[in-house]
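In: predicted structure and sequence below. I'll ask about it afterward.
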Amino acid sequence: MNFHATSVQAASLHATALPQGRLPDNIVHFVRLLRAAGLPVGPAKVIDAIAAVTTVGVAHRSDFSAALATVLVSRYEHLALFEQAFDLFWRNPKLLEKMVAALLPRVYGRLPQEPGLEIPARLAQALYPRPRLPEPEEHDEIELDAALTFSPREILQRKDFATMTTEELTQAKAMLARLRLPLATKPVRRTQSALRGHVVDLRETLRRMTGAAGAGTPLAFRTRVRRSPPLVVLCDISGSMDRYARMLLHFLHAVANDRQRVHTLVFGTRLTNITRHLKHRDVDVALSRVAGSVQDWAGGTRIGGCLKEFNRRWSRRLLGQNAVVLLISDGLDAEGGDGLEFEVKRLGKSCSRLVWVNPLLRYAGFEPRAAGIRAILPHVDDFLPVHNLASLQDLALALTRRSTRTGRVLRRAA
């Protein structure tokens, strides 16, 4: 008999011997949980998941998890959420070994909360949905004093990205699409005609005198054109910045489609230019292309090495005409800040303004203890938090102000 035919028969016998019972029902509930948490899983995924588990078996927890992940996870950024949901849903470590002898019970209602267990907001919303309140009857009168209440929009602006639920993330993304990032205009070498100015336009003045047949004509003036400087964004996508980098990419997509000369590069262990991907009008298509081009998402961090590559390959191309650099990172370098201070100092001298936004600055007791933070801080012009919508609005207001480079001197003196 052929070896392949033997293996197929063995697999079919194993699938037949696998107890069915409530296992498919629990897989259906698990897929519903993932869908409520934001993963794109449809009814076809349920059938594939049941078939995968039937083929692999339930004797080993790792094989069971790998089989479900292979079918239900289509993007790398969804893997962390799947693993958290798997650990919460199938939380009993000996449950899979008992499934062959005693079938799984149905999973309904609220799961018991274990002490010290931290559940993400998206999974908590999916696992513990809020009960629907009874609708008031028509004759009931509801009186509400709104003097001491806050609008949902204001609460959402102050809420941290890492603690938002799925619905709040959707609303925040819609608000990010309307957010703009203005920059203070600066004079360039080009000039244009003006009613008043400091430079006399001799060519236009002689042209007017020729047409006036000797009569007196007013002088023509020219003034320098004012333009917004280029904006270069360096965004950290390492594991410690993963929760914020995904929301900030929505913000950067809105900025790239609102203004010209915006260049975006992301870095973890390597540097990747995603400027062309963010130019697409559809944010979903743009972020899908970004996810396909980035190979080191949610990995390690080499801030010094990535800045060195930027200074060597991209600095002369992008940092002309008084460019502003926006550095988005928590400053936690896996290399311990080796060579980071030299590269940041070189980057600061190559641009007109270096703005560092750090999500760790949201804590009241923040202190620059990490070696990477201490290496970057003396060479930046502005040091701002970025963790919610309100902080992004503060960033927009800060960029409208002109840079005086005094902050860098004060930090060096301190």
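Out: Okay, I see it. Numbers count the residues shown, from 1 in each chain.
In: report the rounded mean pLDDT for the longest strand along the chain.
Out: Longest strand of the chain, by residue count under DSSP state E: strand 186-194. In this model, strand 186-194 has a mean pLDDT of 84.
In: how about that strand: buried residues?
Out: K186 (16 or more other CB atoms under 10 Å). From N, CA and C alone the C-beta is placed, and that goes for glycine too.
In: other residues contacting the helix or strand that it is followed by?
Out: Counting by DSSP states H and E, the element after strand 186-194 in chain order, helix or strand, is strand 199-200. Identification of contacts with strand 199-200 by CB atoms under 8 Å, 6 or more residues apart in numbering yields T191, L219, A220, F221, R222, T223.
In: 10 Å instead?
Out: Residues from elsewhere that reach strand 199-200 (CB atoms under 10 Å, 6 or more residues apart in numbering): T191, L219, A220, F221, R222, T223, R224.
In: follow-up on the earlier one: so what strands line up beside the longest strand of the chain?
Out: strand 221-227 (antiparallel) (DSSP bridges).
In: please go through this structure and pick out the longest helix.
Out: The longest helix of the chain (DSSP state H) is helix 242-258.
In: next helix or strand past that helix?
Out: With secondary structure assigned by DSSP H and E, helix 242-258 is succeeded by strand 262-267.
In: buried ones in that next one?
Out: Those would be V262, H263, T264, L265, V266, F267, for strand 262-267 by 16+ other CB under 10 Å.
In: hmm, back to that, now do the longest helix of the chain against strand 262-267, angle only.
Out: Here the directions of helix 242-258 and strand 262-267 differ by 160 degrees (axes from the mean of the first three to the mean of the last three CA atoms, to 10 degrees).
In: tell me the spacing between V285 and S293.
Out: Distance from V285 to S293, counting by CB to CB, to the nearest Å: 13 Å.
In: and for the two, which residues touch both?
Out: H277.
In: beyond the lowest-mean-pLDDT helix or strand in the chain, next helix or strand please.
Out: In the chain, the helix or strand scored least confidently by mean pLDDT, DSSP states H and E is helix 3-17, which has a mean of 39. Counting by DSSP H and E, the next helix or strand C-terminal to helix 3-17 is helix 23-37.
In: and the helix or strand just after that next one, what other elements does it pack with?
Out: Counting by DSSP H and E, the element after helix 23-37 in chain order, helix or strand, is helix 43-56. In terms of contacts (3 or more CB pairs under 10 Å, 6 or more residues apart in numbering; DSSP states H and E), helix 43-56 is packed against helix 3-17, helix 23-37, helix 61-72.
In: run the chain-centre distance for stretch 58-77.
Out: 25 Å (CA atoms, centre = their mean, to the nearest Å).
In: mind listing what's buried along that stretch?
Out: V58, F64, S65, A67, L68, A69, V71, L72, V73.
In: wait, the second one sits on T70?
Out: No - counting by CB atoms under 10 Å, F64 sits too far from T70 to count as a contact (11.1 Å).
In: how is this protein partitioned into domains?
Out: 7-127, 187-227, 231-413 (automatic domain parsing).
In: want to throw these into a markdown table with distance to R158?
Out: Below are these laid out as a markdown table (distance: least, CB to CB, whole Å):
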| stretch | distance to R158 |
| --- | --- |
| domain 7-127 | 15 |
| domain 187-227 | 34 |
| domain 231-413 | 5 |
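In: which one of those domains lies closest to T170?
Out: Among the domains of the chain, the nearest to T170 by CB to CB is domain 7-127 (8.9 Å).
In: show me the shaky parts of the stretch 151-300 of the chain.
Out: 151-154, 213-214 (pLDDT under 70).
In: try it again at 90.
Out: 151-220, 222-229, 238-248, 250-251, 254-261, 281-285, 287-288, 291-292, 295-300 (pLDDT under 90).
In: before we move on, what about the stretch 301-414 of the chain?
Out: Checking the stretch 301-414 of the chain against pLDDT under 90 turns up 301, 320-322, 332-339, 360-371, 386-414.
In: all helices for it, in order.
Out: 303-313, 315-318, 340-350, 371-376, 389-400, 406-413 (DSSP state H, counting those that start in this stretch).
In: please identify the deepest-packed of these.
Out: Counting by mean count of other CB atoms under 10 Å, helix 371-376 has the highest mean neighbour count of the helices of the stretch 301-414 of the chain, with a mean of 22.
In: export it to CSV, keeping only CA atoms.
Out: This file holds the C-alpha atoms of helix 371-376, laid out as CSV (Å, rounded to 0.1, in the frame of the first residue of the first chain):
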residue,chain,number,x,y,z
ALA,A,371,20.2,55.2,28.7
GLY,A,372,18.4,55.8,25.4
ILE,A,373,16.2,58.6,26.9
ARG,A,374,19.2,60.3,28.5
ALA,A,375,21.1,60.2,25.2
ILE,A,376,18.2,61.7,23.2
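In: any residues touching that helix, and which ones?
Out: By CB under 10 Å, 6+ apart, helix 371-376 touches 301, 303-304, 307, 327, 329-345, 347-348, 354, 356, 358, 360-361, 366-368, 370, 383.
In: contacting residues around Q393?
Out: Q157, M175, L179, R180, L181.
In: what strand or helix carries the fourth one?
Out: Okay, so that is R180. R180 belongs to no helix or strand, assigned by DSSP H and E.
In: noted, bye for now.
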